[in-house]
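Visitor: structural data only, the sequence is not supplied:
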């Protein structure tokens with residue numbers, strides 16, 4: 001120390017620390033009030049910012065009080081420099097963690113707003129979190145007097161070895177970034193791969209894509225497989241889709257009457273059932289003279305992929321009930337089998353020697369007995 005420590009120094013340092021703690025409590029109350037106000041707005045970004053500042057601002061106030069307390073104490077130059085450096089590093093780390101939470105939260109909110117679903121594309125969230133933490137760590141090292149130039153050089157050289165060792169992981173990482181950047185697949189879309197996997201996209205992270213099947217099972221698909229296979233996205237360019245149902249009526253039916261009745265059933269289903277499209281124009285298309293019926297296709301409209309099962313179920317029930325009321329038959333294939341009465345003639349069987357028949361001399365070239 002430059003001089004002896006006095007009671008006055010301790011009192012002033014204690015007042016500085018107490019002021020810092022009091023300021024931290026007051027600022028925390030203010031931020032709590034701001035958080036309640038932010039919760040009433042429609043933008044989720046202010047909630048993320050205020051929630052992150054609740055951790056940074058109190059620590060900044062306490063660190064400021066500690067810095068003032070250290071400045072009034074009779075510390076020598078070396079100790080004072082170390083204390084200042086330590087407090088600055090703590091403050092930078094707190095700011096870095098706060099910035100990480102804010103950036104990650106904003107990226108998450110942006111992904112949710114773009115996709116319109118509760119799931120998120122965590123690959124962008126994780127990348128932004130790693131970038132901010134790495135920058136904060138480098139700033140802390142520079143503040144503490146550690147040169148980061150050799151570190152960056154070593155990281156650049158070592159990065160080549162890491163890239164070679166993690167080829168599959170990096171391939172999945174860049175494949176996931178490509179999928180999201182091209183906007184061919186977004187969380188919430190219903191997809192079906194040529195290999196048979198299908199379901200709703202729950203998340204796209206740095207290594208794989210999580211797909212939830214209609215049965216609520218999760219299917220984990222590597223990003224490289226997702227980007228390298230044929231895929232059908234049932235939510236692009238829009239979620240609404242058409243559904244074809246095959247129907248057949250007897251040859252004695254009035255096709256105009258069949259078309260009119262079927263159209264009325266389609267309109268009622270579109271109006272009454274959740275998932276139907278009320279503005280969908282019903283379409284009935286006759287296409288085949290079958291063995292026992294005239295076949296046609298009924299085109300329905302559904303809001304999204306999973307609605308087709310409910311719509312098709314209700315349409316078949318209503319159509320069957322209405323056809324029965326109108327006397328329209330839906331014939332089943334029939335087959336006529338003619339059975340001849342009496343015994344069937346048995347064709348003669350060529351004579352063959354039984355294995356139990358005694359061998360004669362003729363079999364050995366001798367005259368028969």
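Guide: Alright, I've got the coordinates. Just so you know, these numbers come straight off a predicted model, no measurement behind them.
Visitor: what's the helix or strand hosting residue 265 in contact with?
Guide: Here residue 265, judged by DSSP states H and E, is contained in helix 255-272. The contact list for helix 255-272 (CB atoms under 8 Å, 6 or more residues apart in numbering) reads 247, 249, 276-278, 280, 282, 284, 286, 294, 296, 298, 300-301, 311, 314-315, 318-319, 322-323, 326, 328. In this view, the C-beta of every residue, glycine as well, is placed from N, C-alpha and C.
Visitor: of the residues you listed, which count as buried by neighbour count?
Guide: 247, 249, 276-277, 280, 282, 284, 294, 296, 298, 300-301, 311, 314-315, 318-319, 323, 328 (16 or more other CB atoms under 10 Å).
Visitor: picking that back up, filter the contacts of helix 255-272 down to just the ones in strands.
Guide: Assigned to strands by DSSP state E, the following of these qualify: 247, 249, 284, 286, 294, 296, 298, 300-301.
Visitor: let's have those in JSON lines, adding distance to residue 232 and pLDDT.
Guide: Output for the ones in strands among the contacts of helix 255-272, formatted as JSON lines (distance: CB to CB, whole Å; pLDDT from 0 to 100):
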{"residue": "247", "distance to residue 232": "25", "pLDDT": "94"}
{"residue": "249", "distance to residue 232": "32", "pLDDT": "94"}
{"residue": "284", "distance to residue 232": "26", "pLDDT": "94"}
{"residue": "286", "distance to residue 232": "28", "pLDDT": "95"}
{"residue": "294", "distance to residue 232": "31", "pLDDT": "93"}
{"residue": "296", "distance to residue 232": "26", "pLDDT": "95"}
{"residue": "298", "distance to residue 232": "22", "pLDDT": "95"}
{"residue": "300", "distance to residue 232": "19", "pLDDT": "93"}
{"residue": "301", "distance to residue 232": "18", "pLDDT": "91"}
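Visitor: the strands in this protein, which residues?
Guide: For the chain, the strands defined by DSSP E cover 190-193, 198-204, 208-212, 218-222, 231-233, 241-249, 283-289, 294-302.
Visitor: what's the third one packed up against?
Guide: Packed against strand 208-212 by the contact rule (3 or more CB pairs under 8 Å, 6 or more residues apart in numbering; DSSP states H and E) you find helix 167-182, strand 198-204, strand 218-222, helix 223-227.
Visitor: same check, this time on the last one
Guide: For strand 294-302, the contact count by 3+ CB pairs under 8 Å, 6+ apart identifies strand 241-249, helix 255-272, strand 283-289, helix 307-326 as packing neighbours.
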